[in-house]
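Colleague: sequence isn't available, so here's the structure alone:
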């Protein structure tokens with residue numbers, strides 16, 4: 001569900017449509033409320049396009065990879081769940097290798113004749129960014145400038161082209 005459009009300051013049409021929307025909301029007429037939102041978005045797309053471009057935000061998906069943390073050892077464990085009326089509950093404790101857990105199971109089975117176990121594995125995971133980001137791809141304001149450059153809004157030196165609108169908040173084009 002998207003946020004309702006915000007009326008442009010000083011615009012009579014936006015104010016009228018916002019009034020229609022509020023009246024529809026007050027009488028629980030969701031269809032009329034949606035109609036007012038659609039009409040306001042259409043009006044703003046025609047009449048306030050420059051204002052919309054200045055306030056729109058762009059978020060991009062970055063495909064991180066989840067990998068096992070090589071600096072931390074994984075843990076293996078098991079618990080005996082054999083028993084007729086209740087579980088045995090004996091536990092191996094955390095071990096650093098699955099063979100150690102299997103050896104504990106063999107010994108426990110030999111001593112008790114229990115044959116059913118619940119095994120667990122735990123490790124630490126690390127989110128690794130794509131190669132380009134790890135190699136120092138621009139972020140923050142530098143990313144906005146790079147994006148503006150790719151879209152032809154600035155020259156390769158970062159100066160604004162005539163009529164260009166910037167995505168970076170607070171950046172003012174310099175007078176020539």
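Modeller: Looks like it came in fine. These figures come from a predicted structure and were not determined experimentally.
Colleague: below-threshold pLDDT in this protein: ranges please.
Modeller: Low-confidence segments of the chain (pLDDT under 70): 1, 51-62, 131-176.
Colleague: pull the longest helix from it.
Modeller: With secondary structure taken from DSSP state H, the chain has its longest helix at helix 30-47.
Colleague: show residues contacting that one.
Modeller: Among residues not part of helix 30-47, those counted as contacts by C-beta atoms under 8 Å, 6 or more residues apart in numbering are 4-5, 7-8, 11, 13-14, 17-18, 20-21, 23-25, 51-52. Heads up, the C-betas are built off the backbone N, CA and C, glycines and all.
Colleague: one more pass at 6 Å, please.
Modeller: Here helix 30-47 makes contact (C-beta atoms under 6 Å, 6 or more residues apart in numbering) with 4-5, 13, 17, 20-21, 24-25, 52.
Colleague: quick one: contacts for residue 91?
Modeller: By C-beta under 6 Å, 6+ apart, residue 91 lies in contact with residue 79.
Colleague: got the phi/psi numbers for it?
Modeller: Residue 91 adopts backbone torsions of phi -130, psi 150, taken as degrees, to the nearest 10.
Colleague: ranges for the strands of this protein?
Modeller: In the chain, the segments counted as strands under DSSP state E are 65-68, 75-80, 117-122, 125-128.
Colleague: which strands and helices sit next to the first one?
Modeller: Same thing as strand 65-68. Applying 3 or more C-beta pairs under 6 Å, 6 or more residues apart in numbering; DSSP states H and E, one finds that strand 65-68 makes contact with strand 125-128.
Colleague: for residue 24, give its distance to residue 17.
Modeller: Distance, residue 24 to residue 17, by C-beta to C-beta, to the nearest Å: 11 Å.
Colleague: if you could redo that for residue 105, that was the one I meant.
Modeller: Here the criterion is C-beta to C-beta. By it, residue 105 lies 70 Å from residue 17.
Colleague: give me the more crowded residue out of these two.
Modeller: residue 17 (23 against 18; other C-beta atoms under 10 Å).
Colleague: ok, now which ones touch that one?
Modeller: Residue 17 neighbours (C-beta under 6 Å, 6+ apart): 36, 39-40.
Colleague: cutoff 8 Å now
Modeller: Each residue near residue 17 by C-beta under 8 Å, 6+ apart is listed here: 7, 36, 39-40, 43.
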